[in-house]
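J.: Sequence and predicted structure are below.
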Amino acid sequence: MKSKNVILVTYPDDFSQQEGRSLVESVDNNNVVKIFSQKYLGHSTYGLGSGKVEEIKEFLTENKLEKLVVDDHMTSKRIYNLEKATGLKVIDRERLILDIFYSRATTTEAKLQIQLAEIKYELPRVREEAKLAIGSERPGRGGSGEYVVDVKFRDLKRRMGFIADKLSNSQHKRQLYQKQRTSNEMPIIALVGYTSSGKTTLFNLLTHENKETSDSLFTTLSTTTRSFIIDSQKLLLTDTVGFISRLPTYMIEAFKSTLEESLMADIILLLIDSSQSVNEIRIKYSSCWQTLDELRVDREKVFVIFTKCDNAEQMRIQEIATDLGMLNPIATSAKTGYGIHKLKNLIAQRILLKTSGKKIKIPA
Ligand SMILES: Nc1nc2c(ncn2[C@@H]2O[C@H](COP(=O)(O)OP(=O)(O)OP(=O)(O)O)[C@@H](O)[C@H]2O)c(=O)[nH]1
Ligand SMILES: [Mg+2]
């Protein structure tokens, strides 16, 4: 596929610029050719300041581009104004994340969840878009504008109910399955963490699976559970969709049914990529906790696991752990196998002793 040249407008800090670029480039064969920084993306007319819009227009006189991505929430009116001013298709952060989700979703449940998130994205925009579409005609009482808005609104609401029903159906089936598993007294361990923290790689290592891993964001969009064994004791391991900073609540809501699986786990391993800068680790760590808290996860069940330690210095890992007040995080590398034994030990101690009362021996 031919690559699409894209302008990204995001905040000036390194983290936003790097993550914004990764997000944009993880879908549609997009290629970020230029990043424009803005301290504030809530300006009334375009989201960005009008000076920045002029700068972009100037850049466009010499460069052929397809798209402009604004790395935050944008109202329909601002998108419309910015599209008119630049002649480019404009996409905001939420639309971009939805597009990535769409391009990756393989299971019916994941697709339904994204459709639900999409409707929640569209609902508040319907009135605004109708106003923009009919120009000067105000969608007041009796006008055709009101009719357009009502029809679209009703249609979205109806679709939302329909999708929610289908979702609760598949959720119900999964819960039954889950119940069967728990009645077999198989302890469940969930892997959660920021997108690209190494969840699936660790999952593959422990369960001998071959699920797709990659350094692009949101490779995994569905929950997978497989069994694995520690000293002849069977356990269940769950791989989940990754978190990202500034994810609106309605998107977390949409993924709640699959994420809830991680809430039911006996132990939750919160994976943190240790190969990144301290600043990145700090932002991602706090963003993960925000999501976990929003999902009302029992903090007592959560254990921090550093991943990719083959790419980080041990000293630095200790410093980060102390700095962020993490209690005895385990440093691992799925690549070299470092720390995996210790991780299994932790699982054995925390879970198996608690749930079965049996003492589990970990092979040396
Ligand atoms: N060097 C090194 N790289 C690793 C390790 N574990 C994972 N990676 C790499 O990190 C990237 C992300 O790994 P994934 O397992 O796909 O991460 P994830 O958390 O499942 O990501 P999403 O599904 O996108 O949320 C891949 O390129 C992996 O090869 C490790 O222990 N060492
Ligand atoms: Mg994954």
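T.: Okay, I see it. Ligands and ions are numbered 1, 2, ... in the order given.
J.: so Glu129 touches Ser76, yeah?
T.: Yes. Distance between Glu129 and Ser76: 4.8 Å, which falls inside the contact criterion (Cβ atoms under 8 Å). Backbone N, C-alpha and C define where each C-beta goes, glycine included.
J.: which stretches of the stretch 251-364 of the chain have low pLDDT?
T.: Across the stretch 251-364 of the chain, the stretches falling below the confidence threshold (pLDDT under 70) are 257, 261, 352-364.
J.: Strands of that one, residue ranges please.
T.: Assigned by DSSP state E, counting those that start in this stretch, the strands in the stretch 251-364 of the chain fall at 267-273, 302-307, 330-331.
J.: Note down every partner strand of the first one and its orientation.
T.: Read that as strand 267-273. Strand 267-273 sits in its sheet next to strand 188-193 (parallel), strand 302-307 (parallel), going by DSSP bridges.
J.: any chance of the ones you listed in JSON lines, with mean neighbour count and distance to Glu83 too?
T.: Output for those, formatted as JSON lines (neighbours: other Cβ atoms under 10 Å; distance: least, Cβ to Cβ, whole Å):
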{"stretch": "strand 188-193", "mean neighbour count": "25", "distance to Glu83": "36"}
{"stretch": "strand 302-307", "mean neighbour count": "22", "distance to Glu83": "40"}
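J.: out of those strands, which comes closest to ligand 2?
T.: Taking Cβ to the ion as the criterion, strand 188-193 is the member of the strands paired with strand 267-273 that comes nearest to ligand 2, at 8.7 Å.
J.: check whether that closest one contacts ligand 2.
T.: No. Using Cβ under 5 Å from the ion, strand 188-193 never reaches ligand 2; the gap is at least 8.7 Å.
J.: Not counting its neighbours along the chain, what's nearest Arg21?
T.: The shortest distance from Arg21 to any residue other than its chain neighbours is 5.0 Å, reached at Val32 (Cβ to Cβ, 6 or more residues apart in numbering).
J.: Hmm, I typed the wrong one, I wanted Ser287.
T.: Here the nearest residue to Ser287 in space, its sequence neighbours aside, is Ser245; by Cβ to Cβ, 6+ apart that works out to 4.1 Å.
J.: quick one: that neighbour and Gln18 touch, right?
T.: No. Judged on Cβ under 8 Å, Ser245 makes no contact with Gln18 at a distance of 11.8 Å.
J.: Do you have the helices of the stretch 201-350 of the chain handy? List them.
T.: Along the stretch 201-350 of the chain, the stretches classed as helices by DSSP state H, counting those that start in this stretch are 249-254, 256-263, 278-294, 314-323, 340-347.
J.: just how off-centre is the longest one within its chain?
T.: Spelled out, it's helix 278-294. Averaging C-alpha coordinates over helix 278-294 and over its chain gives two centres that are 12 Å apart (Cα atoms, centre = their mean, to the nearest Å).
J.: Can I get that helix as PDB, trimmed to CA atoms?
T.: Coordinates of each C-alpha in helix 278-294 appear next as PDB, following Å, rounded to 0.1, in the frame of the first residue of the first chain:
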ATOM      1  CA  VAL A 278      12.100   7.500  33.300                       C
ATOM      2  CA  ASN A 279       9.600  10.200  32.100                       C
ATOM      3  CA  GLU A 280       7.800   7.800  29.800                       C
ATOM      4  CA  ILE A 281       7.700   5.100  32.500                       C
ATOM      5  CA  ARG A 282       6.200   7.600  34.900                       C
ATOM      6  CA  ILE A 283       3.500   8.800  32.500                       C
ATOM      7  CA  LYS A 284       2.600   5.200  31.500                       C
ATOM      8  CA  TYR A 285       2.600   3.900  35.000                       C
ATOM      9  CA  SER A 286       0.200   6.600  36.300                       C
ATOM     10  CA  SER A 287      -2.000   6.200  33.200                       C
ATOM     11  CA  CYS A 288      -2.300   2.500  33.800                       C
ATOM     12  CA  TRP A 289      -3.400   3.100  37.400                       C
ATOM     13  CA  GLN A 290      -5.900   5.600  36.200                       C
ATOM     14  CA  THR A 291      -7.500   3.000  34.000                       C
ATOM     15  CA  LEU A 292      -7.300   0.300  36.600                       C
ATOM     16  CA  ASP A 293      -8.900   2.600  39.200                       C
ATOM     17  CA  GLU A 294     -11.600   3.500  36.700                       C
END
